Each structure stands twice: as structure tokens, then as C-alpha cells.
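In: Quick check, what structure comes out for this input:
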Amino acid sequence: MSFALIDFRQEVKEELFRIMQYWIDHSVDYEKGGFYGEVDGKNIVHPGAPRSVVVTSRILWTFSAVHQLFPDPRYLALAKRGYEYLIDRFSDKEYGGVYWSVTAEGAPLEKKKQLYGQAFAIYGLSEYYKASKDENALNHAKEIFSKGIKHAYDAVKGGYTEAFARDWSNTDDYILSRGENRKSMNTHLHLLEAFTNLYSVWKSETARFHLQHSIQLMLDHIIDPSTYRMTLFFKEDWQHTTTTISYGHDIEASWLLWEAAEVLGNSKLKSKCRELSVKMATAASDGLADNGAINYEYEPETKHLNDTKQWWPEAEAMVGFYNAYQLSGKVHFLEKSEKVWAYIKQYLIDLINGEWYSVVDGNNKVVSDSKINFWKGPYHNSRSCMEIYRRLGQRGS
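Out: Modelled structure (predicted):
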């Protein structure tokens with residue numbers, strides 16, 4: 001391994017430890033349980049902020065995953081804390097599944113059954129099982145999976161309906177969308193991610209079927225075969241309803257798709273996904289700014305570019321381009337990954353107060369310095385550091 005790549009690997013390892021220390025120091029609510037719903041850029045807690053199942057599950061996943069890579073009783077203890085809070089406060093004991101949000105006191109707040117939220121609960125619980133070997137965690141993941149499949153799987157047109165009311169009856173308000181947008185890229189992407197993690201620890205035929213189905217949905221409906229970009233929203237019959245390009249989701253999906261195919265192990269799908277992953281990374285390269293960072297979104301119809309740089313697309317770009325380098329051997333992808341990391345180090349990492357800023361504008365000025373909120377957890381940035389560290393380690397010396 002070259003000195004430059006040794007530095008890259010060491011830097012992401014050190015940043016991973018810094019991120020973990022931040023969450024150990026600033027996220028834990030010792031008074032009300034679980035983790036704070038909101039902490040601002042100066043590390044001031046907003047004690048009344050609600051907590052989301054998404055961030056709670058992402059915290060659970062993160063500490064479980066880091067503990068497996070760098071075993072530390074502190075990491076496992078916080079993973080257990082996340083697990084217990086998720087089951088105690090977010091689980092709907094009457095109708096099954098998990099709530100979308102709870103109050104700061106832990107009481108149910110938004111009770112809708114959002115498939116996006118169910119996906120992250122499955123993802124986090126599966127990872128906690130890997131770290132703890134607690135069969136109860138895996139059983140909870142299976143239960144949420146089964147409940148979601150029972151109500152959301154569309155056996156006729158394929159895919160999964162976006163959301164339901166608390167009792168799993170139909171609703172036209174899906175939190176992330178509403179009305180005719182019955183299916184979305186974002187929910188299906190994270191269901192793919194969740195099914196991948198679940199199948200890695202539970203090799204049931206049902207888990208295999210839905211993982212393969214989710215991969216096939218990406219190939220057949222979500223990824224455009226001519227542009228290699230993803231459509232964001234769909235009607236029930238997969239008719240497109242938007243044209244917006246989300247560069248961050250495209251580059252994130254490029255490596256999650258390959259990971260899913262690897263875990264499934266179907267050689268035909270692996271071959272398709274290997275080729276497609278590289279093409280998606282190539283297409284996402286159009287979203288790169290001159291400084292190497294990836295822009296947020298582009299609307300072709302109005303030609304409006306949202307050139308903000310947000311913490312999660314930058315983290316995913318670092319992994320997605322490195323993954324494309326591994327699959328293709330093309331050095332320009334490695335260079336793109338390194339340039340994104342250079343941008344993150346210069347503009348997104350808060351060296352004074354810790355963690356990463358949420359949003360930086362096109363002139364590299366901080367727009368939002370929020371460190372913890374309803375959507376922002378440690379998952380994207382810690383995962384990117386873990387992925388790069390692992391992948392560089394596979395190169396040898």
C-alpha cells in the first residue's frame with residue numbers, strides 16, 4: 001500500500017474514533033433515557049426535541065458496527081442502550097412495527113408505520129445481533145420484517161407501499177411524500193440495505209426472496225437504464241412522478257446495490273450489479289464540484305442546481321467512488337474518493353466542537369452546524385470511515 005493510502009486509512013480511523021467520542025460525550029440522555037433528539041453546533045442540548053426511530057436505529061447500528069471492528073465495552077454498552085430504548089419506546093406492542101417518533105419523554109408521537117422507519121429498525125437490530133449475539137434482537141428484527149412484508153409488499157406490481165396508519169390500514173399521508181406517490185426510491189433503497197443486513201444473519205427463504213426482489217426493483221424500475229440515475233418518486237404502478245437528480249442517493253446506491261448482490265450471492269445478479277454500480281458512479285460524477293465535493297441535487301426541468309454540500313452525500317461519495325475503483329480498477333475513481341475526503345476534512349469536520357457540520361453552501365460557508373437532529377445521526381459519516389478503513393486494509397501492504 002502506498003504512503004498516501006496508508007495516510008488515508010489512518011485518517012479515517014482517527015476520525016471514526018473522534019465521531020464515536022462525540023456521541024459518547026454529547027448524545028446520551030442520562031435523565032430521560034436513550035439519546036437526545038437535538039444538539040446544536042455548540043453542543044447545546046435542546047431537551048424537548050422529539051426522537052426519531054431513524055436516528056435511534058442508526059445510533060444502534062453504528063455502535064454495534066464499530067464494536068465489531070474495534071471492540072470496546074463502551075461501544076457495546078451504547079449499542080445496548082439504543083437497543084433497549086428502541087424496543088421499549090418505539091415498538092408498537094398492540095399493532096406491531098415501530099413508531100416514526102416519540103417525545104423527549106419517550107411517549108409515542110407520530111405513530112404512522114413508515115416503511116423507511118421499519119427498514120432502519122431492521123438494519124440496526126440485525127447489526128446489534130451481530131455484535132451481541134442476543135437472539136431477542138434478531139427475533140425483533142424478524143418480527144418487524146414480517147409485519148412490514150405482510151402489509152406493504154405489493155405482490156401484483158412489485159415493491160413496497162410507502163407508509164400506513166398506526167394499525168397498518170391505508171393512509172394517503174406518507175410523511176416523506178403524500179397522495180399518488182405510493183412508492184419512493186429512498187424507502188426502497190433503505191429496505192434493500194435492511195434486507196441485506198437481515199439476510200446476512202438469517203438465511204431464510206423469505207429474507208432471500210425479498211432481498212432479491214429489492215435488487216431486481218432497482219434494476220427494473222428505480223435506476224434509469226439510459227442515464228444510470230435513480231427516479232425519486234413513483235405512482236403505485238411505477239410511473240415516474242419526478243425528474244430531480246439526487247447525486248448523494250445515486251452514489252450511495254451504487255455501492256449498496258453491489259453489497260446486496262454480494263450478500264445474496266446470485267452470480268447472474270452480481271455480474272449485472274457490478275457493471276451497473278460502476279456506471280452509476282460514473283453518472284454521479286456529473287454532480288462533482290470543481291473542489292471535488294458532490295453537489296446535493298439537480299432539477300433538469302428548471303436547470304436548478306442545489307450546490308450545497310451536506311454531510312451525508314459527501315460521506316457516501318467517499319465510499320461509492322472507492323467501491324467503483326475496486327470494481328473497475330480505474331484510478332480516477334480512487335482519486336475522486338480521496339478528493340471528497342480532502343473536502344470533508346477542510347470544510348465539514350468541526351475541529352472545535354466535534355462531529356460534522358450538517359450543510360455547507362456553494363461557497364463553503366456553514367449553513368447549518370446542527371450536530372444531532374431528527375435526521376442526523378452518526379451513521380453516514382462513521383460508516384464511510386469504517387468502509388474505507390476496511391477496504392484499504394484488504395489491499396495489504
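In: CA only for contacts and neighbour counts going forward, please
Out: Will do.
In: which residues sit in contact with Asn364?
Out: 309, 347 (C-alpha atoms under 8 Å, 6 or more residues apart in numbering).
In: one more time with 10 Å
Out: 291, 307-309, 343, 346-348 (C-alpha atoms under 10 Å, 6 or more residues apart in numbering).
In: how close does His332 sit to Trp258?
Out: 19 Å (C-alpha to C-alpha, to the nearest Å).
In: Let me know whether Val359 touches Trp311 as I believe.
Out: Yes - in this structure, Val359 is within contact of Trp311 by C-alpha atoms under 10 Å, at 6.4 Å.
In: Give me the common contacts of the two.
Out: Leu348.
In: now, the most widely separated pair of the contacts of Asn364?
Out: Distance extremes for the contacts of Asn364: the farthest pair is Asp307 and Gln346 at 17.0 Å, using C-alpha to C-alpha.
In: So for those two, which sits in the more crowded spot?
Out: When Asp307 and Gln346 are compared for neighbours, Asp307 comes out ahead with 20 against 12, by other C-alpha atoms under 10 Å.
In: Identify the residues contacting the nearest residue to that one once chain neighbours are set aside.
Out: Leaving aside its chain neighbours, Asp307 sits nearest to Asn295 (4.7 Å; criterion: C-alpha to C-alpha, 6 or more residues apart in numbering). Residues counted as contacts of Asn295 (C-alpha under 10 Å, 6+ apart) are 246-248, 284-289, 305-310, 313-314, 361-362.
In: Now do the strands in the stretch 101-250 of the chain.
Out: Along the stretch 101-250 of the chain, counting by DSSP state E, counting those that start in this stretch, strands occupy 101-102, 113-114, 163-164, 183-184, 233-234, 245-246.
In: any idea which of those strands is most buried?
Out: strand 113-114 (a mean of 28; mean count of other C-alpha atoms under 10 Å).
In: For it, name the packing helices and strands.
Out: Judged by 3 or more C-alpha pairs under 10 Å, 6 or more residues apart in numbering; DSSP states H and E, strand 113-114 is in contact with helix 135-152, strand 163-164.
In: in its sheet, what does the last one sit against?
Out: As defined by DSSP bridges, the strand partners of strand 163-164 come to strand 113-114 (antiparallel).
In: what's the model's confidence in the strand it pairs with, averaged?
Out: Strand 113-114 comes out with an average pLDDT of 96.
In: Poorly predicted segments of the protein, please.
Out: 2-3, 178, 396-397 (pLDDT under 70).
In: Show me what the helix or strand harbouring Arg391 is packed against.
Out: Secondary structure assignment for Arg391, by DSSP states H and E: helix 379-393. Packed against helix 379-393 by the contact rule (3+ C-alpha pairs under 10 Å, 6+ apart) you find helix 3-26, helix 53-69, helix 311-328, helix 331-343.
In: Report the distance from the second one to the chain centre.
Out: So the one you mean is helix 53-69. 11 Å (C-alpha atoms, centre = their mean, to the nearest Å).
In: Between His332 and Trp258, which has more neighbouring residues?
Out: Set His332 next to Trp258 and count neighbours by other C-alpha under 10 Å: Trp258 wins out with 25 against 13.
In: Verify the contact between the more buried one and Ala281 for me.
Out: No - Trp258 lies out of contact with Ala281 (C-alpha under 10 Å); the separation is 11.6 Å.
In: Please enumerate the shared neighbours of the two.
Out: 323-324.
In: What about the contacts of Asn364, which one has the most neighbours?
Out: Lys309 (30 neighbours).
In: Quick check: beta-bridge partners of that residue?
Out: Val360.
In: out of the contacts of Asn364, who's nearest Asp25?
Out: Leu348 (19.6 Å).
In: Please name the residues that touch that closest one.
Out: Contacts of Leu348 by C-alpha under 10 Å, 6+ apart are 309-311, 314, 341-342, 355-360, 364-366, 369.
In: Would you show me how to pick out the buried ones of those residues in ChimeraX?
Out: ChimeraX command restricting the contacts of Leu348 to the buried ones, with burial defined by 16 or more other C-alpha atoms under 10 Å:
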select :309,310,311,314,341,342,355,356,357,358,359,360,364,366,369
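In: Which single one of the contacts of Leu348 is nearest to Ile215?
Out: Out of these, the member with the shortest distance to Ile215 (by C-alpha to C-alpha) is Glu314, at 24.0 Å.
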